[in-house]
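Trainee: sequence unavailable; structure follows:
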């Protein structure tokens, strides 16, 4: 019997497909089962118009068998089968896809619930990643003769007549011997193979059956177990996301989530939808109640599981989720996606962008609904994942700031509860045209800031910014509903009346020499020393002038590379109405050595109030002791 050569360009092409196109050896089982499903689909499609087929949908199945001693895996189906010519055309020509031809020639198949998976005609050759020899015995529907195709790889193949009773195809893989670097024997283990089938082909529409050995109680020997073999159906066949929502209860949704995404807690929300139009897809999206254990590690990978016609293509498709929704889990199933030749990764195409945009909108709509109808649950969500939304506003030069700004929550200093920006603006005091905020480690520490007292005295509320990203995000947002944002710890706050501002300006002008002298005592630590009337009953505070605030400077100093050249320009502000100001004037007139000590003490006090470290705590303690 003469061995035939492949009709592809060269042996190199097959080598490339085996070693380069597929990055994961285990997907060979996915490809062969998908091919078997396609073959069944073709015969099922024929049965819809040809009663002589004699099979109903429930008669079709895929069988998998393992023989460890012979080192073989067998995948068989009762589908359409292949003639000698079709074996020659489909298996003798690499990248020739009978399934693709079927889809092109039978456009109405999709209208009759037929879902052909194969597209490229290379999936079959993934077998050679794990097998030293492959046999395909096939009998076409309506044919009298069966044929066996045999190949050991790029050297070529043979086709010969053989015996087979019914239509269908039987693929036998002769698994390679183990090497130092490769464990091929793992695929001969029942539970490893069943695990891969469950992972990649759980939603193939026909039952995938395999003999499985189970340990069961021995009825004749109490307390002992015996092994029992049963033919098990390994796949669930009907994806949850393809069922009608009316058929699924909360318990089933939650159970699927916990099992699929390895979580012990129920999700906060479930989004189950079917979208038709420019891109048709089913989606089952979950918003977790807690972040995954590795969420804040470098190893974490965002993404949704991607299926095409129920076959897993990618375990994490990052392109379907923006970074600000990286915590979201779920599944997308679409027949419209253009895959690369290995069916392992997506080509960058218009459909992917359409689906990603639609999913983004669905998640935002769900959050909007939760915010309106289930505030407690939304606050729980925001406490867990709110930082991601804030980063979403700040990243990509604020491209998403308008779509995310209404999802933000901040603690109100007046009411000590979460408010949205919209709620803050709607509750603003008469005549207030600015949204005030303050930064700190917690709302409790912000409440102790000297500047807060004066702002609250005006009847104004202050938003508490407690995350590092808060002020950066707000700088990107710039304004909300026409109202500018103002940091109460910036030196240009100016809350006083026109008369108060005039009086303060006159006092600073009259005190210019003293204030400049005090600044020289602090050298480059501050850019200015001035009097203020915006800190209530407190004696002193630090503010910042320019773009970089105190909190921004803290965040930047913690980044790799230090402050990256950006440093807050600190201003030491002294309460013009406090008794300490009178003491300063007296010292300036009669005891400048003591004025220097007072200046340093006030500056260090202001640093402590602002949550900054003191460079020389020993000197500070000694100066306080001397005064005592």
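Mentor: It's in. Everything numeric here is computed off the predicted structure, so don't read it as measured data.
Trainee: any idea how far residue 605 is from residue 59?
Mentor: 86 Å (C-beta to C-beta, to the nearest Å). Where you see a C-beta, it was placed from the backbone N, CA and C, and this is true even at glycine.
Trainee: revised request: answer the last question for residue 611.
Mentor: Residue 611 is 13 Å from residue 605, by C-beta to C-beta.
Trainee: what ranges does the stretch 301-450 of the chain have for its helices?
Mentor: 350-373, 375-394, 401-404, 421-426, 443-446, 450-457 (DSSP state H, counting those that start in this stretch).
Trainee: want to throw the ones you listed into a markdown table with mean pLDDT?
Mentor: Formatted as a markdown table, the helices of the stretch 301-450 of the chain follow (pLDDT from 0 to 100):
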| stretch | mean pLDDT |
| --- | --- |
| helix 350-373 | 93 |
| helix 375-394 | 96 |
| helix 401-404 | 96 |
| helix 421-426 | 96 |
| helix 443-446 | 91 |
| helix 450-457 | 86 |
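Trainee: could you dump these to TSV with distance to residue 282 and mean neighbour count?
Mentor: Putting the helices of the stretch 301-450 of the chain into TSV (distance: least, C-beta to C-beta, whole Å; neighbours: other C-beta atoms under 10 Å) gives the following:
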stretch	distance to residue 282	mean neighbour count
helix 350-373	11	17
helix 375-394	24	19
helix 401-404	24	16
helix 421-426	34	16
helix 443-446	43	18
helix 450-457	51	20
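Trainee: pipe those helices into CSV and attach distance to residue 434 per row.
Mentor: Listed next are the helices of the stretch 301-450 of the chain as CSV, based on distance: least, C-beta to C-beta, whole Å:
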stretch, distance to residue 434
helix 350-373, 25
helix 375-394, 19
helix 401-404, 19
helix 421-426, 11
helix 443-446, 17
helix 450-457, 10
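Trainee: of these, which is nearest residue 548?
Mentor: helix 375-394 (15.4 Å; C-beta to C-beta).
Trainee: what sits against the residue nearest to residue 427 when sequence neighbours are not counted?
Mentor: Using C-beta to C-beta, 6 or more residues apart in numbering and skipping residues adjacent in sequence, the residue nearest residue 427 is residue 461, 6.9 Å away. By C-beta atoms under 8 Å, 6 or more residues apart in numbering, the contact set of residue 461 is 412, 413, 414, 415, 419, 424, 427, 428, 429, 436.
Trainee: measure how buried the closest residue to residue 175 other than its chain neighbours is and give me the count.
Mentor: Spatial nearest neighbour of residue 175, chain neighbours left out: residue 71 (4.6 Å); criterion: C-beta to C-beta, 6+ apart. Neighbourhood size, residue 71 [other C-beta atoms under 10 Å]: 18.
Trainee: give the residue spans of the stretch 101-250 of the chain that score low on pLDDT.
Mentor: 101-122 (pLDDT under 70).
Trainee: coming back round to it: what about residue 59 and residue 605, which has more around it?
Mentor: Higher neighbour count among residue 59 and residue 605: residue 605, with 19 against 14, using other C-beta under 10 Å.
Trainee: what's the nearest residue to the residue nearest the centre of the chain if we skip its chain neighbours?
Mentor: Centroid-nearest residue in the chain: residue 326, 2.3 Å away (criterion: C-alpha atoms, centre = their mean). Counting by C-beta to C-beta, 6+ apart, residue 326 lies nearest to residue 302, which is 3.7 Å off, once chain neighbours are set aside.
Trainee: what do you get for residue 141?
Mentor: Using C-beta to C-beta, 6+ apart, the closest residue to residue 141 is residue 167 (4.1 Å).
Trainee: so what's that neighbour up against?
Mentor: 43, 78, 79, 80, 81, 139, 140, 141, 142, 143.
Trainee: including distance to residue 273, secondary structure and neighbour count, could those residues go into JSON lines?
Mentor: Shown next, in JSON lines, are the contacts of residue 167 (distance: C-beta to C-beta, whole Å; DSSP: H, G, I helix; E, B strand; the rest coil; neighbours: other C-beta atoms under 10 Å):
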{"residue": "43", "distance to residue 273": "33", "secondary structure": "helix", "neighbour count": "22"}
{"residue": "78", "distance to residue 273": "35", "secondary structure": "coil", "neighbour count": "21"}
{"residue": "79", "distance to residue 273": "32", "secondary structure": "coil", "neighbour count": "26"}
{"residue": "80", "distance to residue 273": "34", "secondary structure": "coil", "neighbour count": "26"}
{"residue": "81", "distance to residue 273": "39", "secondary structure": "coil", "neighbour count": "26"}
{"residue": "139", "distance to residue 273": "43", "secondary structure": "strand", "neighbour count": "23"}
{"residue": "140", "distance to residue 273": "41", "secondary structure": "coil", "neighbour count": "21"}
{"residue": "141", "distance to residue 273": "38", "secondary structure": "coil", "neighbour count": "22"}
{"residue": "142", "distance to residue 273": "42", "secondary structure": "coil", "neighbour count": "13"}
{"residue": "143", "distance to residue 273": "45", "secondary structure": "coil", "neighbour count": "16"}
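Trainee: from those, pick the one nearest residue 550.
Mentor: Nearest to residue 550 among the contacts of residue 167 is residue 79, at 70.8 Å by C-beta to C-beta.
Trainee: confidence score at the closest residue to the closest one other than its chain neighbours?
Mentor: Among residues not flanking residue 79 along the chain, residue 39 sits closest, at 2.9 Å (C-beta to C-beta, 6+ apart). Residue 39 carries a pLDDT value of 92.
Trainee: residue 96 too?
Mentor: pLDDT, residue 96: 45.
Trainee: could you tell me which residues within stretch 456-471 count as buried?
Mentor: 456, 460-471 (16 or more other C-beta atoms under 10 Å).
Trainee: scratch that, stretch 78-93 is what I was asking about
Mentor: 78-84, 86-92.
Trainee: so who does residue 325 touch?
Mentor: By C-beta under 8 Å, 6+ apart, the contact set of residue 325 is 360, 363, 388, 392.
Trainee: returning to what we had before: pick out whichever of the contacts of residue 461 sits closest to residue 442.
Mentor: Looking across the contacts of residue 461 and measuring by C-beta to C-beta, the closest to residue 442 is residue 413, at 11.7 Å.
Trainee: can you get me a residue count around the closest one?
Mentor: Neighbourhood size, residue 413 [other C-beta under 10 Å]: 22.
Trainee: now the nearest residue to it once chain neighbours are set aside, which residues is it bridged with?
Mentor: Leaving out its chain neighbours, the residue that sits closest to residue 413 by C-beta to C-beta, 6+ apart is residue 462, at 4.1 Å. Beta-bridge partners recorded for residue 462 (DSSP bridges): residue 436.
Trainee: how many neighbours does residue 262 have?
Mentor: Every residue meeting other C-beta under 10 Å relative to residue 262 is counted, giving 10.
Trainee: quick check: bridge partners of the closest residue to residue 433 other than its chain neighbours?
Mentor: With C-beta to C-beta, 6+ apart as the criterion, residue 433 has its nearest non-adjacent residue at 6.3 Å, and that residue is residue 483. Residue 483 has these beta-bridge partners by DSSP bridges: residue 480.
Trainee: surely residue 483 meets residue 426?
Mentor: No: the pair residue 483 / residue 426 is not scored as a contact, 11.0 Å apart, by C-beta atoms under 8 Å.
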